[in-house]
Structure formats: structure tokens, C-alpha cells
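> Need the 3D shape of this:
(one chain, ligands or ions: 2)
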Amino acid sequence: MRHFLDISDHSSEELQDLLDLAVRLKQEYFAGGNPPLFKGKVLAMIFQKPSLRTRVSFDMAMRHMGGDALYLSPNEIGLGKREAISDVARVLSGYVQAIMARVFAHEHVLELARWSSVPVINGLSDYSHPCQAMADALTIQERFGKTKGLNVVFVGDGNNVAVSLMQISVKLGWNFTIANPEGYDMPAAAIEQARQVAAQTGSKLAFLRDPHEAVRGAHVIYTDTWVSMGQEDETAKREAVFPPYQVNAQLVSEADKDVIVMHCLPAHRNQELTDEVADGPHSVIFQQAHNRLHAQKAILARLFGVA
Ligand code: CP
Ligand code: NVA
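Ligands and ions are numbered 1, 2, ... in the order given. A predicted model of the protein is given here:
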């Protein structure tokens, strides 16, 4: 594994291997700590957008395993503005052992990877959020085991988090359904790619408008913000369209009785997810957030070639 840019770049076996390693590193961490496998390694973290989970979980993943992390704020580098992305990649490659980047345009993280001689990790782009999907899959497997044929249902905007969740669902043999309003579909290329993977792994895909139809038989209901970072000027328009897609107690009651409710966070409470559901018995949102730490330790370990 040279970089970690998008779930679709990796085979089902490679992804399951990362998840198994994450389970092992998580057990080890709670049994007294991880060995310092990342000693002498520094991760540069480029952020063009705000973050709580991605920043802190990557930083702590490095520290827990004897390494270090360097936070580079949105104003610091001016990726592609103060300096060409190709130059940033080549300069950082001489200072650090890996680069994690949260960017606006997906093309920018690909460009970093093209020029970097050290591994590059996508810490969220406008297209996908692969580290989130790894933590999500870890959380789903912790609850349901490695069962194929689970029904994973995303309700809301066909955004970066939805794309990565669809990608990992078809890789792991889960059925994936999305219910989203017209005009907020996932990118056609992502859907086409997922159809091809699903044909091999036996996953079923469904693209619906009606959230009630979508959640019937759901083992996982997943939602995310209606307004992603960078879309703030569309807030009023989106807030008018999305209310029928709110994940509330009524919608959850229409799913499987053992359904889990997921959200990558940050949540806009009582918009896409009600307090009652977020803090209710089906919610796994904090387990999911905490699993970022363990999933990312596994990704880093494989990229560094140390585990
Ligand atoms: N879920 C997630 O990536 O959170 P942050 O934006 O806080 O990093
Ligand atoms: N879809 C959201 C995810 C935040 C972690 C965004 O891109 O802002």
C-alpha cells in the first residue's frame, strides 16, 4: 500500500486486513498500550478546512505508537495558492515520513500523492472520506461481525461520506441503499464504479428518494450534515429541501429492531439527526468517532510497513 486516497483503490482483502489489524491494535491499546512502532516517524497534517476528529485522532494515533504529528493550518501553506501543490509535496517529502491532507478539491490530494515520495492519506476531500469509512466499517463489524448481506442505508445528501460508505459497503459484501432528494445524487462515476464492484461481491445497490422505503429492513442507518464544508452559501436552499430526510425516532422505528444509527459528526442536532436518536439506544456515534483512532493506526502501520 503506497497511499490511502480512496476506498476504491483497495481490494476487499486489503480492506479487511486493515480492519483486522485495527481490531488487534485497539485490543493492544486497551490492554496496556501499543508498542512504539512509529518511532522516528512524523506525520504532516495539512488542513484546508476545520476538524476535531481527524486532527486529534491522527495526532494521537502517531503519539500512541511513538511517533509525532505536525499540524499545518489552513492559512499556513496556502496549498496551490502560496505554493504549487507539486512543490509542497516534494518539500514535505524531505522532512516527514507521511502526509495527511484535508482538502477542498479531491484532485488536490491526488496531486499531492503524485509528487510525494512519502505516503499520502486523504483526510477528507469534496469527493470522499476514506478514513471515516474505515472507522465506520470497524464499528459495523464490532456490532454485527463479518456478516455479508447487511443492509446499510444512508439518508441525506449524496456527499463525500456517502460515497466512501457506499464504496466500502460493496467491497465488504453489504447491501447499500441511499435515499436523497433530487439534485443531491452521488457522482455518477462513483455509482458506476460501485455497480461493478457489487456485481463481483454480491452486494445489492438501491438509489431511492423516499427515506421511509429506504430504511425498511435496515441494519445501519447513516446520516450526515445537509451542508458540507465549502457549501455554506447553499445553506438556506439545502435547509429547505432536506427536512423530510431527518433521522428521527419515527424513521428509526421503521428499520430492523436491532438497527444502529451512525453519523460521522459533527452533527447539526435536530436537523439531520434528532437529540432523541443521537443520544438513544440505537446510536453508535461516539464509538464510531473513537474508532477513527484505531482504524487510522492500522492505515499508518501498513503505509509505514511496520505491522
Ligand atoms: N468526522 C470527521 O471527519 O470529523 P472532523 O471534521 O471533526 O475531523
Ligand atoms: N460531509 C461533511 C463531513 C464532515 C466530516 C463535510 O464534508 O463537511
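
> show me the contacts for Glu107.
Residues near Glu107 by CB atoms under 8 Å, 6 or more residues apart in numbering: none. In short, each C-beta sits where N, CA and C put it, glycine included.

> gap between Gly123 and ligand 2?
Using CB to the nearest ligand atom, to the nearest Å, Gly123 is found at 10 Å from ligand 2.

> Tell me both backbone torsions, phi and psi, for that residue.
phi -100, psi 20 (degrees, to the nearest 10).

> How about it: what's its closest non-neighbour residue?
In space, and not counting its chain neighbours, Gly123 is closest to Arg102: 4.1 Å by CB to CB, 6 or more residues apart in numbering.

> again, but for Asp59
Nearest residue to Asp59, sequence neighbours excluded (CB to CB, 6+ apart): Ala69, at 4.3 Å.

> Confirm that neighbour sits in a helix?
No. Counting by DSSP: H, G, I helix; E, B strand; the rest coil, Ala69 is not found in a helix; it is strand.

> That one is in contact with Val56, isn't it?
No. Taking contacts as CB atoms under 8 Å, Ala69 lies outside contact range of Val56: 9.8 Å.

> Neighbour count for those two, which is higher?
Set Ala69 next to Val56 and count neighbours by other CB atoms under 10 Å: Ala69 wins out with 21 against 15.

> That one and Leu37: what is the separation?
The gap separating Ala69 from Leu37 is 15 Å, by CB to CB, to the nearest Å.

> Phe144 now?
For Phe144, the distance to Leu37 - CB to CB - is 30 Å.

> Neighbour count for the two, which is higher?
Set side by side, Phe144 and Leu37 show more neighbours around Leu37, with 17 against 14, by other CB under 10 Å.

> Not counting residues beside it along the chain, what's closest to the more buried one?
Here the residue nearest Leu37, using CB to CB, 6+ apart, is Val306, at 4.3 Å.

> next one: phi and psi at whatever residue of the stretch 151-300 of the chain ends up closest to ligand 1?
The nearest approach of the stretch 151-300 of the chain to ligand 1 comes at Cys264, 3.9 Å away (CB to the nearest ligand atom). Here is the backbone geometry of Cys264 (degrees, to the nearest 10): phi -70, psi -20.
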